[in-house]
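Undergrad: return a 3D structure for these sequence lines:
(2 chains)
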Amino acid sequence: MGSKTTLHIVAGFKGAGKTTYINNNLLIYGKKAAVLLNEHGAAKIREGFTVRDLKSGCPCCDGARFFLRDLQNFYYEFTPEEIIVELSSFANLEEMYRIMQHRFSLRFLSGVRYYYVINTKTISSRELISGPFIKTQLQYADSVILTRH
Amino acid sequence: MEFTKLAYESTDDFLYGICPKPVETRNGLVIGGGEMYPEVNFTLPPMNITKDTMPEVRRIYSEIIEGVLKKAYELHAPGLVIEFETLPEMTEHPEWGIEIHKILRDAMHNYEDKYGLKSAIRMTPNDLREMSRPPIMRSGKYWEAMVKTFEGSAKDGADFLSVESTGGKEINDEAIMNADLRTSIFALGCLASRDMKWLWTNITQIAKENGSIPAGDSACGFANTSMVLAEQGFIPKVYAAVMRAMVTPRALVAIENGAIGPSKDCAYENVYLKAITGTPITLEGKSAACAHFSPRGNIALAVPDLWSNESVQQVKLLSGFAPVVSTEQLTYDCRLMNIAAKKGHAKLMRDLLVESDCYLDPQAYVLTPENVFEISREIVKTSDPFSRTLNTARKTLEIIRRGLDKKELTIDERDLRWLDILESQVEEIPEDEEEFIEEMKDEVDETKYRPEEYGI
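TA: Sure, this is the predicted structure:
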């Protein structure tokens, strides 16, 4: 087993600023990072980094059974130092946390960090629709990122 | 064919295992003729599906079907339906899907010849069209692959042809996220219904040419997505409850264009279809907890003709492989339901199943036989899918409100607030479809869909 990889799982509603956060904070030039995308928003991952679509679909529901497999394939194809997964708006951090409890087969992972990105301009309307969901996301996030755009 | 009244005079006759228009397969299995049968669905464990892994894929499907048939035979199942819902790679490469269908069908024939176990197979190719964005609905490689899969499996003896079609889903996906009933009504009443007419005319033609039965279409990506997201607290339950009823006019288009049932398992809206058309239906409830959770575990078993498990992977549990476990659970459920019916207790059985769920969640409440009839009567008052969809939304909201006023339905504060919001969303929708389409053309992101693919 070669060098270990950190997995960053980034969740948030569409338009929250997930991609912008990834571009500005998680993708560091000089460090070999690669991104798995579950949702394409208006912003694009900046050039110079490997980007792939998560083929198995939403990792916390239908795609759950394939997520660990896809992650493993992705690692062995690119051997990045950091893997960043940008989740779809629907994706549930609680489910992701549970899935990652079964990561014993993924020995290349040194750790997993969970991020929840919130756009403070739209959060009140989102809270009206998705209040209980947001509470759960906050419970399972290691870092909560507040954006305003 | 256009439905203008219900297939039933009274809810007393609206029962499981029997319907006014039963369907008979080539080998004489009658669905809706008085007996409820299990419908078992299964899928692969996590693995890649490629040319190189196809030998292993074939081996696993052989292993699954042998296990399922053996268990059904051991438990004296009076009959059995198998659903083969392809994985996307198997529709993209139609020869793979057709080959697996043949493996399943051959094993089923073999069991019937050797042991007399009558069975039928439902073939459900994926609707691949949404893989191109915005989707191309009526031509192109994805549509051609679907046609080849339907044709090849029908030629190979598929009894039932089904699909979970995705017309309008490209617009509805965002509407769900925002609990936006107005856009959902556009997606379902204006887009999905137009696609269903075109799609089911084609599927029915393929079925007729090859001796298969055009069975039905589930709005899985609409109403079930809503149900699952409501379960997670992402959207309000009342929105998911309205969505469930509101997908019925879309499903009805399949029947009006040739489908005759049994409609697919994950379509909980099937109860409205059965009330309107009298065709047989499949449902899933607690039996599908292996695939997803739902607030309607018991009530879903109240009136179906086939009882399903949605889908389960070939993984080993303590007792055996999961599809065999599902087969046992479904067979025992059907055994109990059938014996209750034979002893004259079908209505009592139905009512117990209904009452154990219906007051605890609006998504279950809209499925009681009385509410099903009330919503279904509203649907058949008009003939165009848009009016039917709009009227269904209004009626369903009215029923939920009435349930609250009568203090028989329980919903939380958040859902109560959303009931008000949804009522006001619906109030603002014009009665005239053309006027509504013009309004929505300005509101909906035009990069998300191709209006011409829907003929608008």
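
Undergrad: rest of the way, CA atoms for contacts and neighbours
TA: OK.

Undergrad: all strands of the chain, in order?
TA: I'll assume chain A. Using DSSP state E, the strands assigned to chain A run over residues A:5-12, A:33-37, A:50-53, A:82-86, A:109-119, A:143-147.

Undergrad: meant chain B actually
TA: Along chain B, the stretches classed as strands by DSSP E are B:18-24, B:30-33, B:37-41, B:80-85, B:119-124, B:160-163, B:213-217, B:282-284, B:306-308.

Undergrad: show me the contact partners of the longest one.
TA: The reference is to strand B:18-24. Applying C-alpha atoms under 8 Å, 6 or more residues apart in numbering or on different chains, the external contacts of strand B:18-24 come out as B:7, B:30-36, B:260-262, B:274, B:278-280, B:305.

Undergrad: just the strands of chain A: most buried one?
TA: strand A:82-86 (a mean of 24; mean count of other C-alpha atoms under 10 Å in any protein chain shown).

Undergrad: could you report the pLDDT at residue A:61?
TA: We note a pLDDT of 57 for residue A:61 in this prediction.

Undergrad: give the contact list for residue B:222.
TA: Contacts of residue B:222 were listed using C-alpha under 8 Å, 6+ apart, and they are B:169, B:172-173, B:176, B:243, B:247.

Undergrad: report the angle between the helix-or-strand element of chain A with minimal mean pLDDT and strand A:82-86.
TA: When the helices and strands of chain A are compared on mean pLDDT, DSSP states H and E, helix A:64-78 comes out lowest with a mean of 83. For helix A:64-78 against strand A:82-86, the angle between stretch directions is 140 degrees (axes from the mean of the first three to the mean of the last three C-alpha atoms, to 10 degrees).

Undergrad: list the buried ones in helix A:64-78?
TA: A:64-72, A:74-75 (16 or more other C-alpha atoms under 10 Å in any protein chain shown).

Undergrad: hang on, the earlier thing: hmm, which two among the contacts of residue B:222 are most spread apart?
TA: Greatest spatial distance in the contacts of residue B:222: B:173 and B:247, 14.0 Å, computed using C-alpha to C-alpha.

Undergrad: if we can go back for a sec, now the strands of chain B in CSV, with mean neighbour count and mean pLDDT?
TA: Formatted as CSV, these follow (neighbours: other C-alpha atoms under 10 Å in any protein chain shown; pLDDT from 0 to 100):
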stretch, mean neighbour count, mean pLDDT
strand B:18-24, 20, 98
strand B:30-33, 24, 98
strand B:37-41, 28, 98
strand B:80-85, 24, 98
strand B:119-124, 26, 98
strand B:160-163, 28, 98
strand B:213-217, 30, 98
strand B:282-284, 29, 98
strand B:306-308, 30, 98
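
Undergrad: could you export those strands as CSV, including distance to residue B:96?
TA: Below are the strands of chain B laid out as CSV (distance: least, C-alpha to C-alpha, whole Å):
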stretch, distance to residue B:96
strand B:18-24, 28
strand B:30-33, 29
strand B:37-41, 18
strand B:80-85, 12
strand B:119-124, 13
strand B:160-163, 17
strand B:213-217, 22
strand B:282-284, 26
strand B:306-308, 25
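
Undergrad: between those, which one is closest to residue B:223.
TA: That would be, of the strands of chain B and by C-alpha to C-alpha, strand B:213-217, which comes in at 12.4 Å.

Undergrad: name the surrounding residues that touch the top helix by length along chain A.
TA: Among the segments of chain A that qualify as a helix by DSSP state H, the longest is helix A:123-140. Helix A:123-140 is touched from outside by A:92-94, A:97, A:114, A:116, A:144, B:178-179, B:232-236, with contacts defined as C-alpha under 8 Å, 6+ apart.

Undergrad: okay, and which of these map to helices?
TA: Per DSSP H, helices hold the following members of these: A:93-94, A:97.

Undergrad: just those now: which is nearest residue B:140?
TA: residue A:93 (36.9 Å).

Undergrad: which pLDDT value belongs to the closest one?
TA: Looking at residue A:93, its pLDDT reads 94.

Undergrad: what residues does it make contact with?
TA: Counting by C-alpha under 8 Å, 6+ apart, the residues that residue A:93 touches are A:11, A:60, A:114, A:136-137, A:140-141.

Undergrad: what does chain B put close to chain A?
TA: Near chain A, the residues belonging to chain B are B:45-47, B:177-179, B:229, B:232-236 when assessed by C-alpha under 8 Å from any C-alpha of the partner chain.

Undergrad: again, only this time at 10 Å
TA: Applying the criterion C-alpha under 10 Å from any C-alpha of the partner chain, the portion of chain B that neighbours chain A consists of B:45-48, B:174, B:177-180, B:228-236, B:291-292, B:313, B:414-415, B:417-418.

Undergrad: just the buried residues of those.
TA: Using 16+ other C-alpha under 10 Å as the burial test, these include B:46, B:177-180, B:228-236, B:292, B:313, B:414-415, B:418 as buried.

Undergrad: how about low-confidence regions in the chain?
TA: Since no chain was named, I'll use chain A. Within chain A, the set of residues satisfying pLDDT under 70 comprises A:1-3, A:55-65.

Undergrad: hm, I was asking about chain B
TA: By pLDDT under 70, chain B contains no weakly predicted segment.

Undergrad: point to the residue nearest the middle of it.
TA: Centre of chain B computed as the mean C-alpha position; nearest residue by C-alpha atoms, centre = their mean is residue B:267, 2.5 Å away.

Undergrad: that one contacts residue B:243, doesn't it?
TA: No: using C-alpha atoms under 10 Å, residue B:267 makes no contact with residue B:243, being 11.6 Å away.
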